[in-house]
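Visitor: When you get a sec, could you give me coordinates for this:
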Amino acid sequence: MSKRSIKITMSAVSVAVATLTAATPANTLSATGPLTDVRVAAHFDLSAGQMPENVTLLPDGTADVTFAASRQVAQVSPGGATRILATLPAPADGGVKTPVLGFPLTTGIVHTSDGTVYMLYATGTADLTGLWRIRPGQDPERITALPANGLPNGLALDEHSRQLYITDSALGTVWTVPIGGGTPTAWSAAPELASTGFLGANGAKVHDGALWVTNLDRGTLLRIPIRSGNRAGTPQVKASGLAGIDDFAFTGRGDDVLAALNAPNTVVRIRSNGTSTTVLDATNGLQNPTSIALRGNDVYVLSAAYTTATDPNLLRARLHGDR
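Guide: Alright, predicted model coming up:
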């Protein structure tokens, strides 16, 4: 991607989130509570479009990440070294028809135990938008086409049923597809998933018999039961008042969650009763956090610098006890 393209992309992102940023009060709280040993473990190249959007962790602590603006999937070693795994093909029109954002971007990512990586790609074109797969030693391939007028964003894997769940932030829909790919099924289009003008359904995780989904515009964390026959139950609002909530991760302590709030530039801990507390902010190095992953008590937070335009990075910390 050229420097001119990156400049255009940055401008598009900044304009798209300006309303959300302006509507969200600045948060000046310092890191508190359960996170210690907070440090920036890797810095990424903003001029090359390395805006990390989502993350999945390998057993050895390596992080596979999507770089939204460069259409790439990369690996970040435990020591912080970055290696590009693949660059997805650019749409013929440059991605200007990509809903809401106006540029092509890689979004959600998961992996399976055999090393296969799955990621989402939104381009606004029918030939490229969808679910992509990278098998070890092979080139990326699209295995499921998704609507060109949608914005596939969050990706969750149910390892037991071997189903993938895909949130569409533009269409307010959750799609499901077998891990082998094929034709997607609209699993839920509940009103709670819809946007209010920018981005709706966003992050997604399978946890305790349900698909949990965030809605960025509505500032909510939803729990959607997975019924028999892979049917969607009625969404339940588990937490609200979380303007700009993006991706999240369960801490391993029941329904306790760490969530990235993008425009407010914070990470919050959400308790099972729906209350939330800020645990990281800009003073810790956050630059528009997009996604969170945990490996044991090791916490990984990605920041894309969409509006700060400074130092996209990977922050690491340790989670301790119930403080």
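Visitor: So Thr116 is in contact with Arg133, correct?
Guide: Yes - judged on CB atoms under 8 Å, Thr116 makes contact with Arg133 at a distance of 6.2 Å. From N, CA and C alone the C-beta is placed, and that goes for glycine too.
Visitor: between these two, which one's more packed in?
Guide: Arg133 (18 against 14; other CB atoms under 10 Å).
Visitor: Give me the nearest residue to that one, chain neighbours excluded.
Guide: Ile143 (4.9 Å; CB to CB, 6 or more residues apart in numbering).
Visitor: Check which helix or strand that neighbour maps to.
Guide: strand 141-145 (DSSP states H and E).
Visitor: what's in contact with that strand?
Guide: The contact list for strand 141-145 (CB atoms under 8 Å, 6 or more residues apart in numbering) reads 121, 126, 128-134, 177, 180-184.
Visitor: Among those residues, which lie within strands?
Guide: Tyr121, Gly130, Leu131, Trp132, Arg133, Ile134, Val177 (DSSP state E).
Visitor: Tell me the bridge partners for the fifth one.
Guide: Each beta-bridge partner of Arg133 is listed here, defined by DSSP bridges: Tyr118, Glu141.
Visitor: Neighbours of the nearest residue to Ser195 once chain neighbours are set aside, how many?
Guide: Spatially, and ignoring its direct neighbours in sequence, Ser195 is nearest to Asp217 (4.7 Å; CB to CB, 6+ apart). When neighbours are counted by other CB under 10 Å, Asp217 registers 20.
Visitor: so who does Asp217 touch?
Guide: Contacts of Asp217 by CB under 8 Å, 6+ apart are Leu20, Ser195, Thr196, Gly197, Phe198, Leu199, Gly200.
Visitor: repeat that with 7 Å
Guide: Shown in contact with Asp217 (CB atoms under 7 Å, 6 or more residues apart in numbering): Ser195, Thr196, Gly197, Phe198, Leu199, Gly200.
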